[in-house]
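In: Need the 3D shape of this:
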Amino acid sequence: MDRWRIELDAEQLNEVLAAAFPTGGGKLDLVREVRPGRVKLVRAFEPTMLRPGGLISGPVLMNLADTAGYVMVMAHVGPELMAVTSSLTMNFLRPAKPGQINVDGELLSLGRRSAVCDVRIWTESPDRLAAQATVTYARAQTGA
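Out: Modelled structure (predicted):
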């Protein structure tokens, strides 16, 4: 998909996240790969992610889906820190077992006012998705 151009690579995105969210406690080194129209994030498992029943909680997965959308926008337009989530629809498909959380994002649409991404999350295998989300980000409007 060559219809989109990369403005920030994985290292640059991790630097932007660390600077923008300094209280992240070093947990913002998430972005592993950036390609036109795609991002990959990886989050190491921590016991604090668990909900009763020993599964990774929904809010953790939603946070990662939202982060993937934010990163997707910046990867393609540069450090647009004021982009905000306008919609996040999450489908929980199966329990997310404890383990490394993998996140794949695909850019579906990128316009002057918004970006729409498809996000897929798993812990066991990409063939056993734990969740899928559609995330829309409203882009910062400059000027009048």
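In: By residue count, which helix of the protein is the longest?
Out: The single longest helix within the chain, with elements called by DSSP state H, is helix 58-77.
In: okay, the angle between the least confident helix or strand in the chain by mean pLDDT and helix 58-77?
Out: Here the helix or strand of the chain ranked lowest by mean pLDDT, DSSP states H and E is helix 10-20, holding a mean of 94. Here helix 10-20 runs at an angle of 120 degrees relative to helix 58-77 (axes from the mean of the first three to the mean of the last three C-alpha atoms, to 10 degrees).
In: tell me which residues in helix 10-20 are buried?
Out: Neighbour-count burial for helix 10-20 flags 10, 12-17 (criterion: 16 or more other C-beta atoms under 10 Å). The way it works is simple: take the backbone N, C-alpha and C, and place the C-beta from them, glycine included.
In: picking up where we left off before, could you point out which element follows the longest helix of the chain?
Out: Using DSSP states H and E, the helix or strand that follows helix 58-77 in sequence is strand 84-92.
In: Format the CA atom coordinates belonging to that following strand as CSV.
Out: In CSV, the C-alpha atoms belonging to strand 84-92 read as follows (Å, rounded to 0.1, in the frame of the first residue of the first chain):
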residue,chain,number,x,y,z
VAL,A,84,-8.0,13.1,19.8
THR,A,85,-10.1,9.9,19.8
SER,A,86,-13.5,10.6,18.4
SER,A,87,-14.7,7.0,18.3
LEU,A,88,-13.5,3.6,19.6
THR,A,89,-15.6,0.5,19.0
MET,A,90,-14.2,-2.6,20.6
ASN,A,91,-15.1,-6.2,19.9
PHE,A,92,-13.9,-8.7,22.5
